[in-house]
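# okay, here's the prediction I keep looking at, along with the sequence it came from:
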Amino acid sequence: MLLSVKNLKTYFYSDAGVNKAVNDVSFDIPKGKTVCIVGESGSGKSITSLSIMRLIDHPGEIEGGEIIFEDRDLLKLSDAQMRKVRGKEISMIFQEPMTSLNPSYTVGYQIDEALRLHQKQLNKKQRFEKVVESLELVGIHNPREKYGEYPFKLSGGQRQRVMIAIAMACEPKMLIADEPTTALDVTIQAQVLDLMKELQDKKGTSILFITHDLGVVYQIADEVVVMYKGHIVEKASAEELFKDPRHPYTKALLHSIPIPGVTPRKSKLDTVDENVDYLSFPKEIR
Amino acid sequence: MENLLEFIKQYKKNKAALVGFIVVVIILCMAMFAPYMTAYMPDDQNLADRLIPPMWDAKGVISHVLGTDDFGRDLLTRIIFGSRISLMVGAVSVGLSLSFGLVMGIVAAYFGGKTDLFIMRIVDIMLSIPAILLAIVIVSILGPSLFSAMTAIGIVGIPTYARIVRSSVLAEREKEYVIASRINGSSNFRLMFVVILPNCASPIIVQATMGFASAVLEAAGLSFLGLGAQPPTPEWGAMLSDSLQFITTAPWMIFYPGLAIFLTVLSFNLMGDGLMDVLDPKLKDK
Amino acid sequence: MFSYIVKRLLWTIPTLFGVTLLVFSMVHLTPGDPAAAILGDKANKQSIADLRAQMGLDKPLYEQYFIYIKNLSHGDFGKSANSNEEVMSEFKDRFPATVELSMVAMFFAVILGIGAGIVSAVKRYSIFDYGSMFGALAGVSMPVFWLGLVLIYFFSVKLGWLPVSGRLGYEFDIDHITGFYLIDSLLVKDYEAFWDALRHLILPAIALGTIPMAIIARMTRSSMIEVMKEEYIKTARAKGCSRFQVIFIHALRNAMMPVVTIIGLMLGSLFAGAILTETTFSWPGIGKWLVNAVYQRDFPVIQSTTLIIAIIFIFVNLIVDLLYAFINPKIRLN
């Protein structure tokens, strides 16, 4: 295993009380594989990914558990040690390509920054070549010209490619992608997913993919973790999950949207019933 | 009624704003009951009792709490009566700016097009001259007096209100309830002042409170320069300018009138801050 | 960028027109005959009529306005009604004093204001945050002339550390090269005079800088808090940036944009403060001169100073807008 999350608990405190956003969650991410966390908004899937990066801000707090990454517990690292993990060993990309890049700096600068932080042995010229290389790698045309471009000049799809270039610049062992395609058009979505798969094949990167879109899960996942209200209700390989969902919530979720290649033609779609407390069912964790 | 209770509950949360409100009430009471709060009149001269320090000084006397000035007038009495002048200046100039600014802003936003352009050009020109400079120009046209100062401060404030009213009317103008009312045959006048205006009240109330504070401050400034209230009017700014030569011998003549200005302005600002929190949280961080 | 500058320049024309019109009409809005007002009660009819002709008051209004504009375009701002000196030359004598004071005050306000704003935003809800934000509100509510007097009382009268008023001690004499004493004294290597000029500047600069400092601190804080919520801050942290790098490289630059605008807008209110501060500290600048002109109803001086300051103000705002465009790539490149 590259990364094991064990009994992770992340709580948010407010005047109204404690919100147990992530409540005792455990799962593994094997080397070179793609694990998807699916769930509705508020299920705790994004908080889980931010907890792995230790980017939880006040009033949130990681209350317990272990995050074992290559025999080290990330939760026990010092801040300085953790900074060396971020961007170098584990990278992250986010949902909103429009706002995820700093509007005041050029694309090249922002990729270069990752190299400056983690690959201090490179000189300026070497870094420039590496930035151009990584822009090329994520499929940006004219990378030398795009180096000096500001983010607002790029389309949403191009920006997400730049985000991936930043994340992949130091060739991390793991990439966390928090709904990276949600804000994109469907055609661009497919391109970005293809790009991620391609990079994974080339570099052997593990991917933790956060999404609410089962269609995307079907395309990309090796393993699936289904989250609901801070808990994991089902863990399975992608194949098993789509063929034979066990937990009532997973079933409801699968019946609520059409998935190309899974949902039978002309079948009736359902909605996830908000009045049902799916936590009352036994957890079907395989 | 319920709204009012909710409003009070919210407002009370901001402790500083609560203090501001209490001080404002105290100042209001001071202004209203001034003759009953002190044994002297502001113009009572007693040359035998000149330049007596405050009562906690070794040479102070209990009958003149804050001491006396160079004419033997009781300082506390003059400060208490001064509150009447400051509150009047605030009320008159805010009233003046508000009434003109309101009409200009609402007409500009409601009719748009050339009307808007014309009005906003005038506003821009007024804003392109530093406020105090414009006020001094107006005072020099009218001749130095309290009346001139109030008029000048009132006129100088117009553009601020016009801008705020305009932007909030613009936001409301296209909303469904306005369109519905228009379809029902409301006249332009009715639409502007009865339908739209009440929904723009929050930012206007906040601005009026803050504007009151700055009007008091500006009036004191003009009087300090000798361009506003003239001696022997017990105006706080004018009292300060009369006392300049006594800074070494009778510093109390400088401390307390200034402190009165500061506390009055501060409490209105605190109140405005609290109102902003409750009425218009969006405005807060602008 | 070029078309932006041109457009922005064109926008100043109606504003300049409006300002000249306002200043021009000042004399005519004043109740009574300006010529009679200048000459006083004892003047006879003939001398009033002469002065009217000399001032051009007998011509139709629009013609007077054109003459006024024509004179202005030649740099002729008229003569002071009291001293009978060219307004422009007196202005030139006094202007550096006001600018020097304002710049030092602004320097102090920008450094401390932005610093306090950043620390407040980063240590939100801490004692420092509450303290400096209350301090900022108190600063905005502060009558600067009173603050000046209190400073004089403590630091000059009581402690005797700093001079009470003026720009320079009588024992010093500095050649007018730039008109800025701090610079001129250094140019002639008169370090004692420099030190004295600096000592004279400290109190008025603190008094004048307090309000801008308070406003800058509040603005910086709220802008920083806004920016720290942005996604790209999360990106920077996920990249492995330290807290220091996140704040100073990624947040500060974006947070400064509204602050730069407010600093530009504040140069006007800084001048307002300068008038009051100059009166408090007997600082020989424009403000004090203008106030005296109002006492003496010296209209040419009031008109010209108003006009010159408004023009300076308009162009400073223009520069600030261009500066804003420069730090904001979105405007610069479109």
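On my side now, so go ahead. Numbering: from 1, shown residues only, chains lettered A, B, ... in the order given.
# OK, contacts around B:F193?
B:F193 is in contact with B:I106, counting by Cβ atoms under 8 Å, 6 or more residues apart in numbering or on different chains. C-beta: built from backbone N, CA, C; applies to glycine.
# give me the element residue 64 is part of.
The chain I'm using is chain A. strand A:60-69 (DSSP states H and E).
# to clarify, I was referring to chain B.
Counting by DSSP H and E, there is no helix or strand that carries B:H64.
# make sure it is actually in contact with B:D49.
Yes - taking Cβ atoms under 8 Å as the definition, B:H64 is a contact partner of B:D49 at 7.0 Å.
# so for those two, which sits in the more crowded spot?
Between B:H64 and B:D49, B:H64 has the larger neighbour count (other Cβ atoms under 10 Å in any protein chain shown), namely 22 against 18.
# quick one: neighbours of C:S73, just the number.
Burial of C:S73 is recorded as 8 neighbouring residues (other Cβ under 10 Å).
# which stretches of chain A have low pLDDT?
Where chain A drops to pLDDT under 70, the residues are A:261-262, A:266-267, A:275, A:284-286.
# just the closest residue of it to chain B, please.
Among the residues of chain A, A:D15 lies closest to chain B, at 10.8 Å counting by Cβ to the nearest Cβ.
# same question for the stretch 51-200 of chain C.
For the stretch 51-200 of chain C, Cβ to the nearest Cβ, closest residue to chain B: C:W146, 3.1 Å.
# the residue of chain A closest to chain B and B:D43, how far apart?
Distance check for A:D15 against B:D43: by Cβ to Cβ, to the nearest Å, it reads 55 Å.
# quick one, which of those two is more surrounded?
Taking neighbours as other Cβ under 10 Å, A:D15 and B:D43 compare with B:D43 leading, 13 against 5.
# is chain A within reach of the longest helix along chain C?
Counting by DSSP state H, the longest helix found in chain C is helix C:191-228. No - using Cβ under 8 Å from any Cβ of the partner chain, helix C:191-228 stays clear of chain A, with a minimum separation of 9.2 Å.
# next, count neighbours for C:E192.
11.
# enumerate the residues of the stretch 201-334 of chain C near chain A.
So far as Cβ under 8 Å from any Cβ goes, the stretch 201-334 of chain C lies against chain A at C:230-232, C:234-242, C:249-250, C:253-254, C:327-330, C:333.
# what's the ChimeraX line that selects buried ones from the residues you listed?
In ChimeraX, this line selects whichever of these come out buried by 16 or more other Cβ atoms under 10 Å in any protein chain shown:
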select /C:230,231,232,234,235,236,237,238,239,240,241,249,250,253,254,328,329
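# now, the residues of the stretch 201-334 of chain C next to chain A that are in strands?
If you go by DSSP state E, these have nothing in strands.
# okay, and the beta partners of C:E86?
Counting by DSSP bridges, C:E86 forms beta bridges with C:K79.
# just checking, it touches C:G75?
No - in this structure, C:E86 is not within contact of C:G75 by Cβ under 8 Å, at 9.8 Å.
# who's more crowded, those two?
C:E86 (17 against 8).
# show me the contacts for the closest residue to chain C within chain A.
Proximity of chain A to chain C (Cβ to the nearest Cβ) peaks at A:G87, 3.6 Å away. By Cβ under 8 Å, 6+ apart, the contact list for A:G87 reads A:114, A:117-118, A:167, A:169-170, A:172, C:238-240.
# now the buried members of these.
Among those, those buried by neighbour count (16+ other Cβ under 10 Å) are A:114, A:117-118, A:167, A:169-170, A:172, C:238-240.
# format those residues as CSV; extra columns: distance to chain B.
As requested, the buried ones among the contacts of A:G87 are exported to CSV (distance: Cβ to the nearest Cβ, whole Å):
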residue, distance to chain B
A:A114, 31
A:L117, 31
A:H118, 35
A:A167, 31
A:A169, 34
A:C170, 36
A:P172, 36
C:A238, 25
C:K239, 27
C:G240, 29
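# and which of these is nearest to B:L133?
Distances from B:L133 to the buried ones among the contacts of A:G87, taken as Cβ to Cβ, are shortest for C:K239 (49.2 Å).
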